[in-house]
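**Q** sharing a sequence plus its predicted fold:
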Amino acid sequence: MKKRVAIYGSTGSIGTQALEVIKEQSDIFQLEVLTAHSNADLLIAQAKEFKPNIVVISDETKYQKVNEALSPLHIKVYAGEKSLVEIAGSDTYDVLLAAIVGFAGLSSTMAAIENGKTVALANKETLVVAGDLVTSMVAQKGAKLLPVDSEHSAIFQCLLGEQNNQIEKVILTASGGPFLGKKTNFLINVKKDHALQHPNWSMGEKITIDSASLMNKGLEMIEAKWLFGLRNEQIEVIVHPQSIVHSMVQFVDGSLKAQMGLPDMKLPIQYALAYPGRVPNTHKRVEFKNYPSLTFEVADFKTFRNLALAKEAMIKGGNMPCVLNAANEIVVEAFLKNKMGFLEMSDVIEACLEKISFIAKPSLHDYMECNTESRNLATSLIKK
Ligand code: NAD
Ligand code: MG
C-alpha cells in the first residue's frame, strides 16, 4: 500500500520540492491532494502531471479556471479556506505536508491534528503562534508531528533511540544569511534584492527575508521549544555558515550528536514523508573535500534585533510569540514592497510586543484576535 500524501502549499518552494520527492519515490508515495493559494497555472500543471484526487485553490476567484481545466480529468476541485480545513479533517490521505507559509497555515494544520493524522510540518508559524494548543492537541488526538524544517529534522533524528535520556540543550545552527558579519550602519541601507540572495538555501520570499534578519532562527527557537518540550534556557543558536551541520543535541553526559547533510530541503522532506523508514535516493552527497572547514561562531543578537525580539517573546510566552509572528508577517510584506527599511522591521515588531496586552494562557480565539490586533497595529505603524 502506497502512502497517500496531501501537499498543502504545493506551488511554493517546499511544495514543489516535495513533488520532486514524490516523483522520485513513486513506488512508495501516491499524491492525493494538492492545494495552492492563487497560482492557478502551476497548480493545474501539477495536477495534470500527478493526477491527485483532490485539488483546492484557496483564492476563490480562480476556482472556475482550475475546475474547467481539471474536471475533465475527474479531479475534484474545491475553493476557499473552508475547503482546506474540511479536507485536512477527512480520511482521504495518510500524511499531510503542511507547507503553506505563515499564519494562513494554522487552521488546516490544526484540522489535520484534530483528525489524528500524521503531519509533516514545514509551516513553523503554526507552532510559533499556538505551540501550546497544537502540541497538547497532538497528544490528545494521537496525531504525529514530524518536523520538516531542517534544524528540527536534525534534532528529531539525533533524538532517535534516546527516549530515556535527558537533553542538556539543543543547538540550532544558522547560516547567518546574506548579511553575516554586517553591522547596523550597513543594514540600514539594504534593499529587498540583496536580502533575497541567500547564500545556501533557495526558499520562498518570506522565509528568505526572515533568514536575512535572523527572525527565522528566532521562530525556530520557539518551534524547537514546542516540538521537543524544551525549557527556554535549553535552546541555543550558533552560526555555521556552511549549513552542513543542520543542528545538534547535547545530552547530560556532555555528548553532542549532530545530523549533517547538504543544504537541500528534499532530504528532510523525504525523511518526514517516509518516516520511520529511510529510503534510498540519488541526491548529491556531502563531499568533505568541498568543505575543508566547518566553522562555528556566536550569533550577533545585538545587530540582528529580530533574533533578540523572538527570544524575548519566547521567554515571555503567552500570546507574545503570536504578536511577534503577526507583526513580522506584516513588516516582511511591507519590506518586500519597498515600503520600509530593513531595520525598521524590528522597530515595528518591538512596538507591537510592547503595546499589545499580555495574555498568559490564550485560547484559540485569543490567538485569532491577537493575530488580527498585531497585524492592524503593525500596519498602522508602517504608514506613519
Ligand atoms: P512559499 O512562499 O514558496 O510557498 C507558500 C505556499 O503557501 C504556496 O503554495 C502558496 O500558494 C501557499 N499559500 C500562501 N498563502 C496562502 C494562503 N493565504 N492560503 C493558502 N495557501 C497559501 O513558501 P515556502 O518557502 O515553501 O515555505 C513554506 C513554509 O515552510 C513556511 O512556513 C516556511 O517557514 C517553511 N519552511 C520553508 C523552507 C524552505 O526551504 N523553503 C525551509 C524550512 C521551513
Ligand atoms: Mg530551518
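**A** Nice, I can see it. Owing to the predicted nature of the structure, the values given are computational and were not obtained by experimental measurement. Ligands and ions are numbered 1, 2, ... in the order given.
**Q** residue 224 and ligand 2, how far apart?
**A** For residue 224, the distance to ligand 2 equals 10 Å [CB to the ion, to the nearest Å]. Bear in mind the C-beta positions are built from the backbone N, C-alpha and C, glycine included.
**Q** which residue ranges of the stretch 1-150 of the chain form strands?
**A** Ranges of strands in the stretch 1-150 of the chain, per DSSP state E, counting those that start in this stretch, are 3-8, 29-36, 54-57, 76-79, 95-98, 118-121, 144-147.
**Q** try the stretch 201-350 of the chain
**A** 235-239, 245-251, 256-260, 297-298.
**Q** just checking, what packs against the last one?
**A** Okay, so that is strand 297-298. Judged by 3 or more CB pairs under 8 Å, 6 or more residues apart in numbering; DSSP states H and E, the packing partners of strand 297-298 are strand 235-239.
**Q** what is the mean pLDDT for the strand it packs on?
**A** Across strand 235-239, pLDDT averages out at 98.
**Q** go on, stretch 252-268?
**A** pLDDT averaged over stretch 252-268 gives 98.
**Q** now do the buried residues in stretch 61-76.
**A** Within stretch 61-76, the residues that count as buried by 16 or more other CB atoms under 10 Å are 62-63, 66-67, 69-70, 75-76.
**Q** one more: stretch 224-243?
**A** 224-228, 230, 234-243.
**Q** and which of those is nearest to residue 331?
**A** Relative to residue 331, the closest of the buried residues of stretch 224-243 is residue 237; by CB to CB it sits at 21.0 Å.
**Q** what residues are up against the closest residue to the closest one other than its chain neighbours?
**A** Of all residues not flanking residue 237 in the chain, residue 299 sits nearest, at 4.7 Å (CB to CB, 6 or more residues apart in numbering). By CB atoms under 8 Å, 6 or more residues apart in numbering, residue 299 lies in contact with 174, 176, 214, 217, 237-239, 307.
**Q** do the same with residue 155
**A** Counting by CB under 8 Å, 6+ apart, residue 155 has contacts 147, 170, 172, 224, 227-228, 247-249, 259.
**Q** repeat for residue 180
**A** 199, 239, 241.
**Q** now, which of those sits nearest residue 35?
**A** Among the contacts of residue 180, and counting by CB to CB, the member closest to residue 35 is residue 199, at 30.7 Å.
**Q** the closest one and residue 127: what is the separation?
**A** 26 Å (CB to CB, to the nearest Å).
**Q** and the strand or helix carrying residue 354, what's buried?
**A** For residue 354, the host element (DSSP states H and E) is helix 344-355. Residues of helix 344-355 classed as buried: 344-346, 348-350, 352-353 (neighbour count, 16+ other CB under 10 Å).
**Q** can you narrow the residues you listed down to the ones near ligand 1?
**A** Among these, not one lies near ligand 1 by CB under 6 Å from any ligand atom.
**Q** can you give me the neighbour number for residue 316?
**A** 16 (other CB atoms under 10 Å).
**Q** please name the residues that touch the nearest residue to it once chain neighbours are set aside.
**A** Leaving aside its chain neighbours, residue 316 sits nearest to residue 358 (7.0 Å; criterion: CB to CB, 6+ apart). Residue 358 is in contact with 316, 318-320, counting by CB under 8 Å, 6+ apart.
**Q** before we move on, what about residue 219?
**A** Here residue 219 is in contact with 124-125, 128, 210, 310, 325, 328 (criterion: CB under 8 Å, 6+ apart).
**Q** please apply the same query to residue 81.
**A** By CB under 8 Å, 6+ apart, the contact list for residue 81 reads 58, 104, 107-108.
**Q** scan those and report the most crowded one.
**A** In the contacts of residue 81, the most neighbours by other CB under 10 Å go to residue 108, 29 neighbours.
**Q** so that residue touches residue 85, yeah?
**A** Yes - Residue 108 lies in contact with residue 85 (CB atoms under 8 Å); the separation is 5.5 Å.
**Q** sorry, back to before: between the buried residues of stretch 224-243, which sits nearest residue 362?
**A** So of the buried residues of stretch 224-243, ranked by how close each gets to residue 362 (CB to CB), first place is residue 226, at 14.1 Å.
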